[in-house]
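K.L.:
3D, please:
(4 chains)
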Number of protein chains: 2
Amino acid sequence: MERTKATSEARQRILETADRLFYQDGIRSVGIDRIIAEAAVAKMSLYKHFASKDELILATLKYREEKVLAFFGLAMERHGKRTKTKLRAFFAALKDWFESPGFRGCAFQNAAVELADPQHPGSDFVKGHKRRFQEFLSGLIEESLGKGAAKVAPAVGLLVEGAIVTAVIQGSPDAVDVARDAALKMVAEAKGV
Amino acid sequence: MERTKATSEARQRILETADRLFYQDGIRSVGIDRIIAEAAVAKMSLYKHFASKDELILATLKYREEKVLAFFGLAMERHGKRTKTKLRAFFAALKDWFESPGFRGCAFQNAAVELADPQHPGSDFVKGHKRRFQEFLSGLIEESLGKGAAKVAPAVGLLVEGAIVTAVIQGSPDAVDVARDAALKMVAEAKGV
DNA sequence: ACAAGAACAGACAGGTCTGTATACTTCAGG
DNA sequence: CCTGAAGTATACAGACCTGTCTGTTCTTGT
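P.N.:
Numbering: from 1, shown residues only, chains lettered A, B, ... in the order given. Model (predicted):
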């Protein structure tokens, strides 16, 4: 089997370890040495696959976007069987996430804060991710409102972002219920008109 | 003139400089050496007033809470003359903040992310600040809804928190308009019933 | 069997970080 | 005038950081 750069086992181990540690303890407080130790990989292997820590950070963000999409796809399918709308399934999935062990908020929000510099490639990717996430959310609302979703989707997005940071700070998932109730009310309201 | 620890000029200079640098570039990426250089203070003076960097972080958070309160007090008074409600004045003040040069989101949200550890005294203070801020917000809504404010205030809080992180990530203050319109609608809705 | 690529192992350079130690200056009150 | 407090200046310890370098071992295709 040919081991190309993109499918190398060592590379994958580095990526998964970095993603986990960055999320747990923060990008800046996790050093290269710790990543290679926990990934059981030589330092030179890491720098063969990723030119610098900044590049590794960017790679983990891309990796995590896939994971996030997969998580919501799976969790929403699971909840979709007993919820009336996709939006309800989404909030149920969101609650699952908030309640999952080690929950520490949105990795993309956190990266934006930690990187601080808007010029950093990571900050740019975060911006793109949030745009894609918002479009995903709009798609769910279109199930109920069609093109009228554009009127409420941005506000629902803010509720979701706000619920994430609030849940982290409060150390409790309760904010998701507030966000869900408000979002569903807004959608119902828009439908009624 | 007796120079007590709490009013020392050097201490104040350290506090203001640390607050500015921490907000600009992030708590973890700003070192003690840079703070003392820009504050024009000796290192020993800093450690006389603050036992450790962690303690300095906590002190800057407390200092900033006062500044935030003062800012909103002033800005809302300014806008209050031509807005119908205190809540509208609040969102006008929020927009001023988003548009101010060097805006980089909520220092307390950012601190919570950067500190990562929920056990850190700073994380605890952030939690308290957000509770106080939420009560302040509830108070504004009570002007329109009385005790009924409790029904919508938490959701308005999420809209505000979401608008802050979104504005930072997008690099644009537009989110505040979305949050304001949604919040006013929710309040009007609750009043109508 | 052997060459080549991939990963491992570990030392090292050069810088930064927090916090401490030591010695000097400035200045106000009794 | 002198004592004590506050601040200054600077060197240093010890840890940690990213990234580089050298050399070895393992695996795989030919």
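K.L.:
Please count neighbours and contacts with C-alpha atoms only from this point.
P.N.:
Fine.
K.L.:
So A:Pro173, which state does it fall into?
P.N.:
Of the three states, A:Pro173 takes coil under DSSP: H, G, I helix; E, B strand; the rest coil.
K.L.:
for it, what are its contacts?
P.N.:
A:Lys95, A:Phe98, A:Glu99, A:Ala167 (C-alpha atoms under 8 Å, 6 or more residues apart in numbering or on different chains).
K.L.:
between these, which is closest to chain B?
P.N.:
A:Ala167 (10.1 Å; C-alpha to the nearest C-alpha).
K.L.:
Which residue is the nearest non-sequential neighbour of the closest one?
P.N.:
Nearest in space to A:Ala167, with sequence neighbours left out and distances taken as C-alpha to C-alpha, 6 or more residues apart in numbering or on different chains, is A:Pro173 at 5.1 Å.
K.L.:
now do A:Ala42
P.N.:
Nearest to A:Ala42 is A:Ile36, by C-alpha to C-alpha, 6+ apart, at 6.2 Å.
K.L.:
ok, the one you found touching A:Met44?
P.N.:
No - using C-alpha atoms under 8 Å, A:Ile36 makes no contact with A:Met44, being 9.5 Å away.
K.L.:
Which stretches in chain A count as helices?
P.N.:
Taking DSSP state H to define them, one finds helices in chain A at A:9-25, A:32-39, A:43-49, A:53-80, A:86-99, A:107-115, A:121-145, A:149-170, A:175-192.
K.L.:
Of those, which is nearest B:Gly31?
P.N.:
helix A:107-115 (14.9 Å; C-alpha to C-alpha).
K.L.:
Show me what the mean pLDDT comes to for the closest one.
P.N.:
Mean pLDDT, computed over helix A:107-115, is 98.
K.L.:
and it, what does it pack onto?
P.N.:
Packing partners of helix A:107-115 (3 or more C-alpha pairs under 8 Å, 6 or more residues apart in numbering or on different chains; DSSP states H and E): helix A:121-145, helix B:107-115, helix B:149-170.
K.L.:
Would you format the ones you listed as JSON lines with mean neighbour count and distance to A:Val160 included?
P.N.:
Formatted as JSON lines, the helices and strands packed on helix A:107-115 follow (neighbours: other C-alpha atoms under 10 Å in any protein chain shown; distance: least, C-alpha to C-alpha, whole Å):
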{"stretch": "helix A:121-145", "mean neighbour count": "18", "distance to A:Val160": "10"}
{"stretch": "helix B:107-115", "mean neighbour count": "23", "distance to A:Val160": "15"}
{"stretch": "helix B:149-170", "mean neighbour count": "23", "distance to A:Val160": "7"}
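K.L.:
Next, format those helices as a markdown table and append distance to B:Glu135.
P.N.:
Formatted as a markdown table, the helices and strands packed on helix A:107-115 follow (distance: least, C-alpha to C-alpha, whole Å):
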| stretch | distance to B:Glu135 |
| --- | --- |
| helix A:121-145 | 29 |
| helix B:107-115 | 16 |
| helix B:149-170 | 9 |
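K.L.:
what's the neighbour count on the residue nearest to A:Ala42?
P.N.:
20 (other C-alpha atoms under 10 Å in any protein chain shown).
K.L.:
that older thread, ok, of the contacts of A:Pro173, which come out buried?
P.N.:
Restricting the contacts of A:Pro173 to buried positions leaves A:Lys95, A:Phe98, A:Ala167, with burial counted as 16 or more other C-alpha atoms under 10 Å in any protein chain shown.
K.L.:
which one is the closest residue to chain B within chain A nearest to, not counting chain neighbours?
P.N.:
Across chain A, the shortest distance to chain B (C-alpha to the nearest C-alpha) belongs to A:Gly162, at 3.7 Å. With sequence-adjacent residues excluded and distances taken as C-alpha to C-alpha, 6+ apart, A:Gly162 is closest to B:Gly162, at 3.7 Å.
K.L.:
hang on, isn't A:Leu145 packed against A:Val193?
P.N.:
No - A:Leu145 is not in contact with A:Val193 according to C-alpha under 8 Å; the separation is 10.9 Å.
K.L.:
Give the residue spans of chain A that score low on pLDDT.
P.N.:
For chain A, residues meeting the criterion pLDDT under 70 lie at A:1-6.
K.L.:
Within range of DNA strand D, give me the residues from it.
P.N.:
A:1-2, A:28-34, A:43-44, A:47, A:51-54 (C-alpha under 7 Å from any atom of the strand).
K.L.:
Go again with 10 Å.
P.N.:
By C-alpha under 10 Å from any atom of the strand, the part of chain A that sits against DNA strand D consists of A:1-3, A:27-36, A:42-48, A:50-57.
K.L.:
how about the residues of chain A that lie near chain B?
P.N.:
A:24-26, A:28, A:109-110, A:112-114, A:116-117, A:123, A:126-127, A:154-155, A:157-163, A:165-166, A:169-170, A:175, A:178-179, A:182 (C-alpha under 8 Å from any C-alpha of the partner chain).
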